[in-house]
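Chemist: Following is a predicted model, sequence given first.
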Amino acid sequence: MKGKSFSKMTWVAGVPALLMIFSACGDSGTGGTGSGELQVTTWGEDYIENNIPASAFEDGYSVKYAKFMIVLGNIKIADHSGDVGATMSGQKVFDMTLKGPHQVQDFKNIGAKRWDRVSIEVKPAGADTQAGNDIDAKDLALMKDNGYSFYVQGEMTKGQSSKTFSWGFSLSTEYKECQRAPEDGGEVGVSVPDGGTAVLQFTIHGDHLFYDDLASPDAVLRGDAIFSSDKDQDGKITMDELDSVDLSSLPENEYGTGGAPDVYTLADFVKALSRTVVHFQGEGHCHSHVED
């Protein structure tokens, strides 16, 4: 939540959405070592459930999310040999402002071993997308009707000044080869104990939308460029207004793109950041592959 967390981005072709099907492959690939249970959860941590405090920002802003909705699906639990232990194809929408962690899927009778190829996708909601937690019916319809994969609504504040934002994203991203952070042991994937239960968490980082660099470990949270983009001064920061801010007009030492293609405006920049919000077991990383 509070660390510098960036995901490598590789640009690949898209894949078709699938229907909601749940499966687990029992003792497949376990070498007779038995089976266990794997609970897959997701959590938005304090920055999404409560707020990002002014102390976290380089320039003194704070952010309070009213909505933070993300579509999670197509989970695959496998190993480097190609053995697949469990899959969840399809999609569920979660509002991460609701207190978590939230259960995404519970896989029973999965092989007791280390599964070192864990992946998940964030893709636009479709007609068959389900509610993952107690998301409001109108919010679920908003995601489906607009084909959003990710939607945030909130308020930025500095001193006595506040402005709201409502941003929808229709991007597709696959997160794969997930690994714990070094300080948490660095385990690749997840180990399922024989006769026991393992918990795998996809942790969502709400601060990433406000980082000022796409690649640097020295990136910090900044709000001024985003806050100042409200050109009509109506108190609402729109994606169109962000798109009117050319990155070349911002301070030279801020908003570095790290070589990411087609990132020219502040809207492009925030969209690129939106692909980095999914993490693994807290501060762990996944390789993110762009599908559109």
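Modeler: Structure received.
Chemist: Report the mean per-residue pLDDT for the strand or helix carrying Gly90.
Modeler: Using DSSP states H and E, Gly90 sits within strand 84-95. Throughout strand 84-95, pLDDT has a mean value of 94.
Chemist: Show me what that strand is packed up against.
Modeler: Applying 3 or more CB pairs under 8 Å, 6 or more residues apart in numbering; DSSP states H and E, one finds that strand 84-95 contacts strand 21-24, strand 35-43, strand 62-78, strand 102-111, strand 130-131, helix 137-146. The way it works is simple: take the backbone N, C-alpha and C, and place the C-beta from them, glycine included.
Chemist: Let me have these in JSON lines, adding mean pLDDT and distance to Thr203 as columns.
Modeler: Putting the helices and strands packed on strand 84-95 into JSON lines (pLDDT from 0 to 100; distance: least, CB to CB, whole Å) gives the following:
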{"stretch": "strand 21-24", "mean pLDDT": "34", "distance to Thr203": "22"}
{"stretch": "strand 35-43", "mean pLDDT": "97", "distance to Thr203": "6"}
{"stretch": "strand 62-78", "mean pLDDT": "97", "distance to Thr203": "12"}
{"stretch": "strand 102-111", "mean pLDDT": "96", "distance to Thr203": "11"}
{"stretch": "strand 130-131", "mean pLDDT": "96", "distance to Thr203": "20"}
{"stretch": "helix 137-146", "mean pLDDT": "97", "distance to Thr203": "21"}
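Chemist: which one of those lies closest to Leu247?
Modeler: strand 62-78 (20.9 Å; CB to CB).
Chemist: And that closest one, what does it pack against?
Modeler: On a contact count with 3+ CB pairs under 8 Å, 6+ apart, strand 62-78 meets strand 35-43, strand 84-95, strand 102-111, strand 117-122, helix 137-146, strand 150-158, strand 197-204.
Chemist: Mind listing what's buried along that strand?
Modeler: 62-65, 67-78 (16 or more other CB atoms under 10 Å).
Chemist: Of all the residues in stretch 90-109, which ones are buried?
Modeler: 90-98, 100-102, 104-105, 107, 109.
Chemist: Tell me how far Gly282 lies from Ile204.
Modeler: 11 Å (CB to CB, to the nearest Å).
Chemist: Of the two, which one has the most company?
Modeler: Applying other CB atoms under 10 Å to Gly282 and Ile204 shows that Ile204 carries more neighbours, namely 24 against 17.
Chemist: show me the residues around the more buried one that make contact.
Modeler: 42-45, 48, 68, 70, 96, 277-279 (CB atoms under 8 Å, 6 or more residues apart in numbering).
Chemist: and of the residues you listed, the nearest to Val192?
Modeler: Thr42 (18.5 Å).
Chemist: That closest one pairs with what?
Modeler: His102, Phe202 (DSSP bridges).
Chemist: try the one 10 residues further on
Modeler: In this structure, Ile52 has beta-bridge partners Val63, where bridges are defined by DSSP bridges.
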